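> Based on what follows, work out the 3D shape:
(one chain, ligands or ions: 2)
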Amino acid sequence: MRNIYLDTQELEKALKIFQENILKFFYKLESETISSKDAFGRVSRNAIYAKYSSPAYHSSAMDGVMVKSEMTKYARENKPLFLKNEDFIFCNTGSALVKGYDAVIMIEDVKIEKDGITIMKAVNPWENIRIQGEDVVEKDLLFTSFHKFSSVDLSVLIASGITEVEVLKKVKLAIIPSGNEIIGEEDELKIGKIIESNSAMLISMARENGIDTLLYPIVKDNKDDIKTVLEKALNECDFITLIAGTSAGSKDYAREVLEEMGEVYAHGLSIKPGKPAILGKIGETPFVGLPGYPVSAHIIFDKIVISTILKKMRVNIEDKLILKAKLTRPIISSLKNREYIRIKIGIVDGKLIATPLDRKAGSLYSLSESDGYVIIDRNIEGYNRGDVVNVSLHRPIPKNVLENRIVSIGSHDIVLDVINDLLAIENKNTRLSSSHVGSLSGFKALSEGDSLIAPSHLLDKNGTYNNDAIKLFFKNEKVGKINVVGRRQGIYVEKGNPLGIKTIEDLLDKTMINRQRGAGTRLLFDYLLDKKNIDKYKIKGYDNEVTTHLSAALAVKNRDCDFSIGVESAAIKMDIDFIYLKDEEYQFIVKEKNLKLNSIKDIIEILKSKKFKDTMEKLGGYNTDKSGSIII
Ligand SMILES: Nc1nc2c(c(=O)[nH]1)N[C@H]1C(S)=C(S)[C@@H](COP(=O)(O)OP(=O)(O)OC[C@H]3O[C@@H](n4cnc5c(N)ncnc54)[C@H](O)[C@@H]3O)O[C@H]1N2
Ligand code: MOO
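Ligands and ions are numbered 1, 2, ... in the order given. You can find the predicted model right below:
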């Protein structure tokens, strides 16, 4: 039977109903006693009081001599005072103060003589002494009940004589992956199969929050099998999550099984990704059905599973840091759901900018690349380009990471990955953060202050590169060009070229996949077609687009089309054939004032290095003679 969706509910409302129905889970507070050394991240059950004072006795705070301060009171710069051997005691930092002595003179302020020492100034009582209990006094309250121990706290415990602590037992969380198509990472990947990858992410998210997990084997889409594993998990765990099978497919059984074994409190939340989540309980054990798509699973796990478990552990859920940044692209959102849009942050000309990434719930890599989310609430239609939005960060971004991140918007080439890898190998902080929109849109972004560099390869009327576009986009501002590589552009065809394509004319009755509008490769192709008076719209698939050379080459390899266009290196990488059309220059366009930035200098250094030239040569199809030279 297919699930018919319940009306979706707001996340906060559903979470509230869920939590009100699992009070037994919240109130069951089991504890255990562990060594203080192992208490990092654990939560105290009761208040903890110091057993010893720290320091436990008066002690010297410096290396020097212990004295009776009274005896030193007449010492002056111009009237040094001599102390006999029996009037002082040499001591080290931490030495216990000997009865009768009340101050320490630092060794560098003492002149050692034959039968004693000379001092040049008086010391006050208790000077350079750490007084007993200065840090902690015996019986002081060190930590309240339900305190989460930090690394420093462990030293406080141990220094105060507390060798063992009573802490809350960790919650044991069951993670059950499900789905007939799901295979283990060791299994062979065939069409129709998906590698089980969600649990690795969920287990470490749990671990980061002090939650223990038990991972169960992948269960098939079969009610009896699901019930069997749930029974097992009920005996072994405190909280159960089942991955996938939450939506409306004919094999989505999570809801049905939960209805038969326990209670459903919510099915369907008004958020995206994460909509089909299921909240309920079996017996007294909370149950959450996580949608199978990785980004959806991530959001529901974070917002519902972890937040509920932390509430039981009495740990405050830290609010995410918010950065205000300017949107580089518009975002349109449906009024039905609250949307979580992944964002990459950058700095251009001192301003924070937010670039929206792929929105699909299955795009796991874009989640890993993102710095945070822009949350678009229900009843907001979205935001315009240039709007300042709140980006809720997954984790704080170090300032130097942000400052050394070069926002690059423009044409794509494998060389961008090579540069990034070499920057990492050379231990530079600089990194390229690239969006691939094609050369023309790259120019637009650079001119509007959305990026620091624009990788581009636009052929000029007179055969040079990028100068016409510079004139068009930068009337009042000086820009420079950094030569990156020379490339060979051509036609991608299946290995062995079974259709016997040799020239542009041969393409007329073939099907293609094109590069996106504004991509230099596409403009070059248009130019070559024009020169031969070929009507581009006669080529089947001319309007089907991909955004990178590698995706174009992959489309040919997978036989999604007869041919595509792009640079030779991608054809070599994908092991398909390549028919040469034209050489071209791939350059980084940079505003002249930014050429002096350290991050840009790092890039130029990499481009000029032997390692870079060697790497590009190995890839094939590139010319690095001019790499790293600047044209202004
Ligand atoms: N007719 C409708 N179809 C769908 C709806 C809907 O409202 N009506 N909702 C969509 C939304 S939104 C989501 S999110 C997904 C959630 O689906 P399920 O929870 O039922 O999960 P599956 O369909 O089984 O899987 C989705 C996707 O994720 C992959 N997957 C599953 N488990 C794992 C894992 N452990 N590791 C990696 N990848 C996993 C799975 O193979 C699928 O590709 O439903 C939409 N459909
Ligand atoms: O709600 Mo689903 O999680 O958008 O893809």
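
> Can you give me every residue that contacts Lys336?
For Lys336, the contacting residues are Thr8, Ser270, Arg378, by C-beta atoms under 8 Å, 6 or more residues apart in numbering. (C-beta placed from N, C-alpha, C; glycine too.)

> go again using 6 Å as the cut-off
Listed by C-beta atoms under 6 Å, 6 or more residues apart in numbering, the contact set of Lys336 is empty.

> so is it in a helix, a strand, or just coil?
coil (DSSP: H, G, I helix; E, B strand; the rest coil).

> Hmm, Pro291 and Gly362 touching each other?
No: look at Gly362 against Pro291 with C-beta atoms under 6 Å: they stay out of range, at 10.4 Å.

> These two - which one has more neighbours?
Taking neighbours as other C-beta atoms under 10 Å, Gly362 and Pro291 compare with Pro291 leading, 27 against 14.

> That one and Ile299: what is the separation?
9 Å (C-beta to C-beta, to the nearest Å).

> Report the beta-bridge partners for Leu173.
On the basis of DSSP bridges, Leu173 takes part in beta bridges with Thr213, Phe239.

> Tell me which residue in the chain sits closest to ligand 1.
Minimum separation of the chain from ligand 1 (C-beta to the nearest ligand atom) falls at Gly292, amounting to 2.5 Å.

> Okay, helices next: where are they in the stretch 151-300 of the chain?
151-159, 198-208, 223-236, 254-261, 294-300 (DSSP state H, counting those that start in this stretch).

> Now tell me what touches the last one from outside.
The list of residues contacting helix 294-300 from outside it, by C-beta under 6 Å, 6+ apart, reads Asn198, Pro273, Gly274, Ala277, Leu290, Pro291, Tyr340, Ala361, Leu364, Leu367.

> same check, this time on stretch 446-461
328, 348-349, 353, 406-411, 439, 442-443, 445, 466-469, 473, 520, 524, 584, 586, 588-590.

> what do you get for stretch 315-334?
Contacts for stretch 315-334 (C-beta under 6 Å, 6+ apart): 148, 307, 310, 339, 341, 345, 352-356, 376, 382-385, 387-393, 396, 450.

> Now, of these, which are buried?
148, 310, 339, 341, 345, 353-356, 376, 382-383, 389, 391-393, 450 (16 or more other C-beta atoms under 10 Å).

> Burial check on the nearest residue to Ile306 once chain neighbours are set aside, number of neighbours?
Leaving aside its chain neighbours, Ile306 sits nearest to Asn209 (5.3 Å; criterion: C-beta to C-beta, 6 or more residues apart in numbering). Close neighbours of Asn209, defined as other C-beta under 10 Å, add up to 20.

> Which pLDDT value belongs to Asn209?
If you check Asn209, the pLDDT there is 94.

> Ok, Gly64 next?
Gly64 is given a pLDDT of 96.

> tell me the contacts of it?
Val104, Ile105, Met106, Ile107.

> Repeat the analysis, applying 10 Å as the threshold.
88-93, 95, 103-110, 123, 128 (C-beta atoms under 10 Å, 6 or more residues apart in numbering).

> Of those, keep whichever come out buried.
Here, 16+ other C-beta under 10 Å leaves Phe88, Ile89, Cys91, Ser95, Ala103, Val104, Ile105, Asp109, Val110, Val123, Asn128 buried among these.

> Kindly reformat the residues you listed as a markdown table containing pLDDT and distance to ligand 1.
A markdown table is the format used below for the buried ones among the contacts of Gly64 (pLDDT from 0 to 100; distance: C-beta to the nearest ligand atom, whole Å):
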| residue | pLDDT | distance to ligand 1 |
| --- | --- | --- |
| Phe88 | 97 | 73 |
| Ile89 | 97 | 69 |
| Cys91 | 97 | 64 |
| Ser95 | 96 | 61 |
| Ala103 | 97 | 68 |
| Val104 | 97 | 64 |
| Ile105 | 96 | 68 |
| Asp109 | 93 | 68 |
| Val110 | 94 | 70 |
| Val123 | 95 | 69 |
| Asn128 | 96 | 62 |
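
> Among the contacts of Gly64, which ones are in helices?
The members of the contacts of Gly64 all map outside helices under DSSP state H.

> any idea which residue of the chain is furthest from its center?
Asp115 (66.5 Å; C-alpha atoms, centre = their mean).

> Got phi/psi on that one?
Per-residue torsions, Asp115: phi -110, psi 20 (degrees, to the nearest 10).

> quick check: mean pLDDT across stretch 18-32?
pLDDT averaged over stretch 18-32 gives 96.

> oh, I was asking about stretch 272-284
96.

> gap between the two ends of that stretch?
Start to finish, the residues bounding stretch 272-284 are 29 Å apart (C-alpha to C-alpha, to the nearest Å).

> Contacts only, for the nearest residue to Ile158 once chain neighbours are set aside.
Residue nearest to Ile158 in three dimensions, not counting chain neighbours: Ser36, with 5.4 Å by C-beta to C-beta, 6+ apart. By C-beta under 10 Å, 6+ apart, Ser36 lies in contact with 42, 48, 149, 153-158, 160-165, 167.

> quick revisit: determine which two of the contacts of helix 294-300 are furthest apart.
Greatest spatial distance among the contacts of helix 294-300 (C-beta to C-beta): Ala277 and Leu364, at 17.7 Å.

> more neighbours, those two?
Ala277 (30 against 18).

> Look up how far ligand 2 lies from Leu215.
Computed as C-beta to the nearest ligand atom, to the nearest Å, the Leu215 to ligand 2 distance reads 22 Å.

> what's around that residue, how many residues?
When neighbours are counted by other C-beta under 10 Å, Leu215 comes out with 15.

> contacting residues around it?
Counted by C-beta under 10 Å, 6+ apart, Leu215 has contacts Leu173, Ala174, Ile175, Ile176, Pro177, Glu196, Ser199, Ala200, Leu202, Ile203.

> So for it, what's the pLDDT?
Value for Leu215, per-residue pLDDT: 98.

> Near ligand 1, which residues of the protein are found?
By C-beta under 6 Å from any ligand atom, the residues of the chain that approach ligand 1 are 177, 179, 181-182, 194, 196-198, 243-249, 252, 273, 275-276, 291-294, 296, 361.

> same thing but at 5 Å, please
Counting by C-beta under 5 Å from any ligand atom, the positions of the chain adjacent to ligand 1 are 177, 179, 194, 196-198, 243-248, 252, 275-276, 291-293, 296, 361.

> follow-up on the earlier one: restricted to helices, list the contacts of stretch 315-334.
Ser307, Leu310.
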